[in-house]
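Enquirer: just to be clear, the model below is a prediction. Sequence and coordinates:
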Amino acid sequence: MDVKVLGAANEVGRSGFLVNCNGTNLLLDYGVLFGRRGTPTEYPLHVKPKDLDAIIITHAHLDHSGNIPSLFVSGNTDVYATPPTFDLSQLLIEDMLKITKDAQPFGLPELNNMMRNAKEVGFRQKITKGNATFELRESGHVIGGSSVLVESEKKRIFYTGDIKTSGSRMLREADLDIGDIDLLIIESTYSQAEQMPRKESENELIEFANEVMDRKGVLFIPSFSVERSQEMACILRSSNFKHKVIMDGMALKVNDIMFRHPDYLRDPEVFADAINQSIAVKDHDKRKRAIEEPCVVISPAGMLVGGNATYYLQQLSFDNKNGIALVSYQGEGTPGKKLLDTGKVNTRGKDLNVTAEVKQFQFSGHADRNELFDLVKKIKGNPKVLTVHGDMESCKKFSQEIHDQFGLDAHAPLVNEIISI
């Protein structure tokens, strides 16, 4: 088996790995990497659609799924993923096309062609293609998110995709009962960082929400539409939060998708209760009226890039009664990162000081350093290890630490590198 690294090498974004199983070609993910504002989108290395026997999507986030429609300009390869992954991928890719207009190498016809070739699979369902079999395993990262186990001629590869081994309030823990493997491809996003325990983060958020309500303010929680927004609603509901919780933007469409796939949730009843008790806001008049009294507003975008978050930011930032809770990762060059670092937001072309209280909370969907090392420790066999999906320092340090601690052949691969087992 040969694995060609197409992207996600010493970077977070444009994930893609081509696995050649003695002539059978499986493509694991094929995402995009959005540059800073004004710089073009980057893509994984090109692959010929006619050379592929199957495409496997680990989960719907655009850095893993966003470039797959480019393979359907003329191709008709089978695409495999869980049902929620297909629903969410379609939603997120449609949104990307709307926002980036003609910037992508494909359009809606290619996305529709991709969906026509969709083959829905459940966790632990074995699929055979040519010389290879593969199955998806629960990853604990987003609803329907998976890791991939590939087997061919007694050689086995485990690709974590994005993984949160402990799961979350929304999702079950990752399924790591995988037996001996020969190659581990592991994400490295937070391999150099320890995160606050989830329960502590939840308690701090609830405390902040109550403080803002006590001073008759509005708490704005800009949040990723997939999973994070719903998790915030569940946390508030489970703490018997007494004030209104507003949900807005694309999170509402994601709610509908999640309702369609209750089997993929840790506790569907808790989810349904939280969402049904929240108030959906779908038009500007309701949006305006909603924030006239104390409440919590949960709305994308998580990094404050566009979406209805822009409206709430302009309306709520300049009153010290209000609060802003940043619960999503804040990428370099984003308005969210700027708010964190400088305390300023851009309004009508001017940078203004925010007087609302701003706090950051840790709610990552990725495994942290301790979870990642625990994952490696539990792996059976004597596999080669590829550290991917992290910045250069994270990937390189993590591979060295794996080698030093476990004696495994580990390294941070480069784009276009081919690894044989």
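Expert: Yep, it's here. Numbers count the residues shown, from 1 in each chain.
Enquirer: quick check: buried residues in the helix or strand of the chain with the lowest mean pLDDT?
Expert: Per-element confidence for the chain was summarised using mean pLDDT, DSSP states H and E. The lowest value among helices and strands belongs to strand 344-347, with a mean of 88. Judged by neighbour count (16 or more other C-beta atoms under 10 Å), strand 344-347 contains these buried residues: V345. Bear in mind the C-beta positions are built from the backbone N, C-alpha and C, glycine included.
Enquirer: which strands or helices does that strand pack on?
Expert: For strand 344-347, the elements it packs on are helix 309-316, helix 335-342, strand 350-353, judged by 3 or more C-beta pairs under 8 Å, 6 or more residues apart in numbering; DSSP states H and E.
Enquirer: reformat the ones you listed as TSV; add distance to N112 and mean pLDDT.
Expert: Converted to TSV, the helices and strands packed on strand 344-347 look like this (distance: least, C-beta to C-beta, whole Å; pLDDT from 0 to 100):
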stretch	distance to N112	mean pLDDT
helix 309-316	29	92
helix 335-342	33	90
strand 350-353	42	91
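Enquirer: so which of these comes closest to T160?
Expert: For T160, the closest of the helices and strands packed on strand 344-347 is helix 335-342, at 26.3 Å, according to C-beta to C-beta.
Enquirer: who are the packing partners of that closest one?
Expert: Secondary structure elements in contact with helix 335-342, counted by 3+ C-beta pairs under 8 Å, 6+ apart, are strand 323-326, strand 344-347, strand 357-360.
Enquirer: for the ones you listed, which one sits closest to K242?
Expert: Shortest distance between K242 and the helices and strands packed on helix 335-342, using C-beta to C-beta, is found for strand 323-326: 16.3 Å.
Enquirer: just to revisit the earlier point, winner for burial among the helices and strands packed on strand 344-347?
Expert: Neighbour counts (mean count of other C-beta atoms under 10 Å) averaged over each of the helices and strands packed on strand 344-347 peak at helix 309-316, with a mean of 20.
Enquirer: okay, helices next: where are they in the stretch 1-150 of the chain?
Expert: Counting by DSSP state H, counting those that start in this stretch, the segments of the stretch 1-150 of the chain that form helices are 62-65, 83-100, 108-116.
Enquirer: quick one, which of the ones you listed gets closest to A233.
Expert: Distances from A233 to each of the helices of the stretch 1-150 of the chain were compared using C-beta to C-beta; the minimum, 17.4 Å, belongs to helix 83-100.
Enquirer: follow-up on the earlier one: reformat the helices and strands packed on strand 344-347 as a markdown table; add distance to F259.
Expert: Rendered in a markdown table, the data for the helices and strands packed on strand 344-347 read as follows (distance: least, C-beta to C-beta, whole Å):
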| stretch | distance to F259 |
| --- | --- |
| helix 309-316 | 23 |
| helix 335-342 | 28 |
| strand 350-353 | 39 |
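Enquirer: so which of these gets nearest D63?
Expert: Distances from D63 to each of these were compared using C-beta to C-beta; the minimum, 17.3 Å, belongs to helix 335-342.
Enquirer: now do the closest one and helix 309-316, the angle between them.
Expert: 40 degrees (axes from the mean of the first three to the mean of the last three C-alpha atoms, to 10 degrees).
Enquirer: restrict helix 335-342 to CA atoms and write it as CSV.
Expert: Taking C-alpha atoms only, helix 335-342 is exported to CSV below (Å, rounded to 0.1, in the frame of the first residue of the first chain):
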residue,chain,number,x,y,z
PRO,A,335,-12.4,39.8,13.0
GLY,A,336,-12.7,37.5,15.9
LYS,A,337,-8.9,37.3,16.4
LYS,A,338,-8.7,41.1,16.0
LEU,A,339,-11.3,41.5,18.7
LEU,A,340,-9.4,39.2,21.0
ASP,A,341,-6.0,40.8,20.5
THR,A,342,-7.0,44.5,20.2
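Enquirer: any idea which of the helices of the stretch 1-150 of the chain is most buried?
Expert: Comparing these by mean neighbour count (mean count of other C-beta under 10 Å), helix 62-65 ranks first with a mean of 25.
Enquirer: neighbouring contacts of that helix?
Expert: The list of residues contacting helix 62-65 from outside it, by C-beta atoms under 8 Å, 6 or more residues apart in numbering, reads 8, 12-15, 29-34, 57-59, 85, 89, 92-93, 96, 161-162.
Enquirer: buried ones from those, can you make that a ChimeraX selection?
Expert: When burial is assessed using 16+ other C-beta under 10 Å, the buried subset of those is captured in ChimeraX by this command:
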select :8,12,13,14,15,29,30,31,32,33,34,57,58,59,85,89,92,93,96,161,162
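Enquirer: sitting in strands, which of the contacts of helix 62-65 do you find?
Expert: Among the contacts of helix 62-65, the members found in strands (DSSP state E) are 29-30.
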